[in-house]
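Peer 1: Okay, structure incoming, though there's no sequence with it:
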């Protein structure tokens with residue numbers, strides 16, 4: 001049975017850190033120029049999760065299979081500059097499900113819970129990013145009602 005909720009102080013943060021490292025490693029596979037994961041330590045990434053435990057504007061949403069964390073999403077609410085029509089926007093900065101637990105609806109459950117968090121926070125719209133090469137994830141997001149917003153490009157500068 002899958003349970004999805006916000007991370008708590010007594011949850012196994014080490015499992016979340018492992019999933020986060022897996023997230024970076026997978027993303028690095030799509031864009032090697034973005035991340036250097038060989039020396040990524042728990043200290044490098046744990047701050048975000050620990051801060052979310054005390055924050056009203058961010059959270060870590062975790063998915064459990066029985067008593068084991070098998071996925072997470074990092075979410076935050078941000079105020080937009082006053083010239084934006086949308087004044088408050090949600091952002092999902094990471095969404096990860098352990099490989100052995102994919103294609104079981106867990107990512108969809110995580111997305112549902114992030115929308116609940118955003119709704120409680122007074123957010124009407126949210127964003128997330130993924131690599132254009134990550135077609136399986138793009139299809140997942142589209143099945144869950146998300147639509148493309150813009151394209152980002154990367155270029156190399158001759159030095």
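Peer 2: Right, received. Where do you want to start? Predicted, not measured: the structure shown is a model, and the values here were computed from it. Numbering: from 1, shown residues only.

Peer 1: for this structure, which spans come out with low pLDDT?
Peer 2: 30-37 (pLDDT under 70).

Peer 1: next helix or strand past the lengthiest helix in the chain?
Peer 2: The single longest helix within the chain, with elements called by DSSP state H, is helix 13-30. Sequence-wise, the next helix or strand downstream of helix 13-30 (DSSP states H and E) is helix 42-52.

Peer 1: between that next one and helix 13-30, how big is the angle?
Peer 2: 110 degrees (axes from the mean of the first three to the mean of the last three Cα atoms, to 10 degrees).

Peer 1: Distance from the chain centre to helix 42-52, please.
Peer 2: On the basis of Cα atoms, centre = their mean, to the nearest Å, helix 42-52 sits 14 Å off its chain's mean C-alpha point.

Peer 1: And for stretch 103-113?
Peer 2: How far stretch 103-113 lies from its chain's middle: 12 Å, per Cα atoms, centre = their mean.

Peer 1: Which positions in the longest helix of the chain come out as buried?
Peer 2: 13, 15-17, 19-21, 23-24, 26-28 (16 or more other Cβ atoms under 10 Å). The C-beta positions use only the backbone N, C-alpha and C, and glycine is treated the same way.

Peer 1: Just name the closest of these to residue 5, please.
Peer 2: residue 16 (13.0 Å; Cβ to Cβ).

Peer 1: surely that closest one meets residue 71?
Peer 2: No: at 9.5 Å, residue 16 does not count as touching residue 71 under the criterion of Cβ atoms under 8 Å.

Peer 1: Return the residues in contact with the most centrally placed residue in the chain.
Peer 2: With distances taken as Cα atoms, centre = their mean, residue 94 lies nearest the centre of the chain, 1.9 Å away. Going by Cβ atoms under 8 Å, 6 or more residues apart in numbering, residue 94 touches 20, 23, 72-74.

Peer 1: what angle sits between the longest strand seen in the chain and helix 42-52?
Peer 2: For the chain, the strand with the greatest residue count under DSSP state E is strand 68-79. Strand 68-79 and helix 42-52 are oriented at 60 degrees to each other (the same axes, to 10 degrees).
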